[in-house]
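Asker: Provided below for reference: sequence and predicted model.
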Amino acid sequence: MLLMLNEQDIHQLEGKGISREGFLQQIAHFKKGFPALKLDRPATAGDGIRVIDERNVEEYVNTYHERSGDYKVLKFVPASGAATRMFKEVFAWRDLLIAGVDPDSLKESKPEAKHFFEEMRQSRSGKTCR
């Protein structure tokens, strides 16, 4: 397998503790596929998933706003292709809002966005959605 790595690539791999053999094995996995994992159990609320108490949401939101300027905030990346497709529209709406589109205009032009945001508001207020 011929791979062209420059000095910077090699230095970055070494800095991450990745050997040449380990790197080649990772590339092979991408080419051939990854071995199947045997999962112990699914993640559930309280066992792998931390449930945020509704009473603490405002505190977490405030903490995020206070500290996010100290970091480079990227974005949520779903772990599966299905999740990526599921959130595609939500990310598109977010990008429109970031670009300055008025939220009310977005909801008027995209009925599904209006429905989504109404459902989110209801779920945050403790009301059931449907």
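Answerer: Noted; the coordinates are in hand. Numbering: from 1, shown residues only.
Asker: Strands of the chain, start to end?
Answerer: Ranges of strands in the chain, per DSSP state E, are 44-45, 48-49.
Asker: Now render those strands as CSV, adding mean neighbour count, distance to A83 and mean pLDDT.
Answerer: C-beta: built from backbone N, CA, C; applies to glycine. Below are the strands of the chain laid out as CSV (neighbours: other Cβ atoms under 10 Å; distance: least, Cβ to Cβ, whole Å; pLDDT from 0 to 100):
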stretch, mean neighbour count, distance to A83, mean pLDDT
strand 44-45, 8, 17, 86
strand 48-49, 10, 15, 86
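Asker: out of those strands, which comes closest to T84?
Answerer: strand 48-49 (19.5 Å; Cβ to Cβ).
Asker: Nearest to L13, out of the strands of the chain?
Answerer: That would be strand 48-49 among these, by Cβ to Cβ, at 30.5 Å.
Asker: in its sheet, what does that closest one sit against?
Answerer: strand 44-45 (parallel) (DSSP bridges).
Asker: Now do the partner strand: everything it contacts.
Answerer: V51 (Cβ atoms under 8 Å, 6 or more residues apart in numbering).
Asker: what do you get for stretch 59-79?
Answerer: I52, T84, M86, F87, F91.
Asker: Same list (the strands of the chain) but as JSON lines, adding distance to N56.
Answerer: Converted to JSON lines, the strands of the chain look like this (distance: least, Cβ to Cβ, whole Å):
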{"stretch": "strand 44-45", "distance to N56": "15"}
{"stretch": "strand 48-49", "distance to N56": "15"}
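Asker: That concludes my questions; thank you for your assistance.
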